[in-house]
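Chemist: Following is a predicted model, sequence given first.
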Amino acid sequence: MGETSSKNPGGSPAGTTSFLSLATAGALTTVLLWGGSSLATKLGTGSMDALTLALLRVVAAGPCALIVIIFMRLRLPWYSGDRFYFALVAIVSMGAAPVIFTLGIQFTTAGHAVVASSSTSIFTGLIEAAARREWPRFRWWIGIAVAFAGALILIAESLGLGSTGASWQGDLLVISAAFSGSIGFYLGSRLSLRHGAPAITLWSAMVASVLLLPVLFVASSFAELSNLTVLNWSVVLYLAAGATVIATMTWYYALSRGGISRMAVWQFALPIVGIALAAIILGEPVTVPLVSSVAVILLGIALVQRR
């Protein structure tokens, strides 16, 4: 795989990233869409079978991706030397990760899931460091540690360490989904440098959709699908079009333009969005510990973003 910055470990290509940049805007868009996906998924699993929702969100992403592919006239990035990596992105990131996440969230809370998903930052940065055989700068680790501390404050305050609504099995599945996604994010960001983020994202979503379509027909009956409510289909559309296609495109763009290690830390803002939505929709109070956790997470992000 190609290298973007062999002399800038743990950072971004020289001169492409500032705290306020297009790469940062892409990361923030992704965080907003993904931050709401835990709440949407939890709502979906509360009224329909989790496996059906997991498969539907991937399968439905295919037609959404195809519309944009035709409009943008994107060619399938199936070229010698990149085929294996593209297949991994489609299978591991666009197929397996959302399915595992959806199955996991039925055994845990939306808050636990959104915080556990923040481990994507650590996995993506470590995968990059291992692939490039370069250790990230010390400041990067400090920023990661500070942001992670903020996430711990958030989960401890909002859910409690002994929350009965969460289980270690569900959290482990969500973390496994984060790891699967991280593999695809690293490979996808590299492929995006040659083929563009839209082509990689949309075609991998299309391939994953085709692969899981027969699985959906086997796992779910026609009667079950025909009985889905408007809320169920709204959740599927949000997860397929917003959290899968649009969010992944903006995330690949952020990673390829801003550097994996620097942009990946924005994942720690996911708990902020997730808990904020819970406060707005469910009426949960905004407390001093919650505000403190937000400040700590943003401090960690600033440390990593700082040149």
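Modeler: Done, it's in.

Chemist: Give me the pLDDT for the residue nearest the centre of the chain.
Modeler: Note on the chain: the residue nearest the mean C-alpha position is W34, at 6.0 Å, using C-alpha atoms, centre = their mean. Looking at W34, its pLDDT reads 82.

Chemist: just for the stretch 151-300 of the chain, where's the confidence low?
Modeler: Low-confidence segments of the stretch 151-300 of the chain, defined by pLDDT under 70: 151, 154-167, 264, 267-268, 278-279, 282-291, 293-294.

Chemist: Could I get the full set of helices for it?
Modeler: Remark: helices assigned in the stretch 151-300 of the chain by DSSP state H, counting those that start in this stretch are 168-195, 197-219, 222-226, 230-237, 247-258, 260-264, 270-282, 288-305.

Chemist: Quick one, which of these gets closest to F71.
Modeler: Checking those against F71 by C-beta to C-beta gives helix 197-219 as the closest, at 10.1 Å. Placement of C-beta: from N, CA and C, glycine included.

Chemist: list the helices and strands the closest one packs on?
Modeler: In terms of contacts (3 or more C-beta pairs under 8 Å, 6 or more residues apart in numbering; DSSP states H and E), helix 197-219 is packed against helix 50-72, helix 83-88, helix 168-195, helix 247-258.

Chemist: want to throw the ones you listed into JSON lines with mean neighbour count?
Modeler: Listed next are those as JSON lines, based on neighbours: other C-beta atoms under 10 Å:
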{"stretch": "helix 50-72", "mean neighbour count": "20"}
{"stretch": "helix 83-88", "mean neighbour count": "15"}
{"stretch": "helix 168-195", "mean neighbour count": "22"}
{"stretch": "helix 247-258", "mean neighbour count": "26"}
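
Chemist: how much space is there between the nearest residue to L56 once chain neighbours are set aside and W266?
Modeler: The spatial neighbour of L56 that comes closest, neighbours along the chain excluded (C-beta to C-beta, 6 or more residues apart in numbering), is V236 at 5.0 Å. Per C-beta to C-beta, to the nearest Å, V236 is found 26 Å from W266.

Chemist: neighbour-wise, which of these two wins?
Modeler: Ranked by neighbour count (other C-beta atoms under 10 Å), V236 and W266 place W266 first, with 25 against 21.

Chemist: List the residues that contact the nearest residue to that one once chain neighbours are set aside.
Modeler: Closest residue in space to W266, ignoring its immediate chain neighbours: A27 at 4.0 Å, by C-beta to C-beta, 6+ apart. If a contact means C-beta atoms under 8 Å, 6 or more residues apart in numbering, then A27 has 250-251, 254, 258, 263, 266 as its contacts.

Chemist: let's see 7 Å
Modeler: 251, 254, 258, 263, 266 (C-beta atoms under 7 Å, 6 or more residues apart in numbering).

Chemist: Can you give me the pLDDT of it?
Modeler: What the model reports as pLDDT for A27 is 87.

Chemist: That one and L270: what is the separation?
Modeler: Distance of A27 to L270, given as C-beta to C-beta: 11 Å.
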